[in-house]
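Fold the stuff below for me.
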Amino acid sequence: MDSDDARRMIALLEEIRDGQQLQLKRQAEALDRQAEALAFQQEHRAALKAQSERAQALQERAEKIQARSAGLVGTARVLVLIAALLAVLLLVFVCWLAFSRTIH
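Alright, predicted model coming up:
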């Protein structure tokens, strides 16, 4: 092996070393990007969880309001029925008074 071959072998080994260093650098950058993406996903997941909890609380509140509203509507129906019956009874009474006075 002459000095020319040795120089080419050294140059080739240096190229291999430089390529490996570049590959390690790119892998480190890729790991950094993956770590950033993972952190972003975790933040996004936390935000979605908080939003889901708020939506659940709103849903529960809406269900309570609907239940209370249903109770009020039921009560209103009963009151309207009672008022209608009283109005009919009052109308019958007024008619009875009017007819009883006209007959005598």
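
Please enumerate the helices of this structure.
In the chain, the helices defined using DSSP state H lie at 3-103.

Show me where it dips below the pLDDT cut-off.
Scanning the chain for pLDDT under 70 picks out 1, 104.

ok, the residue nearest the centre of it - contacts?
Per CA atoms, centre = their mean, the C-alpha nearest to the average position across the chain is that of Ser52, at 3.9 Å. Going by CB atoms under 8 Å, 6 or more residues apart in numbering, Ser52 touches no other residue. Placement of C-beta: from N, CA and C, glycine included.

can you start the count at 342 instead of 1 from here on
Okay, residue one is now 342; in that scheme the one you just asked about reads as Ser393.

ok, now how distant is it from Ala411?
27 Å (CB to CB, to the nearest Å).

What of Arg395?
Here the criterion is CB to CB. By it, Arg395 lies 25 Å from Ala411.

Same question for Gln400.
16 Å.
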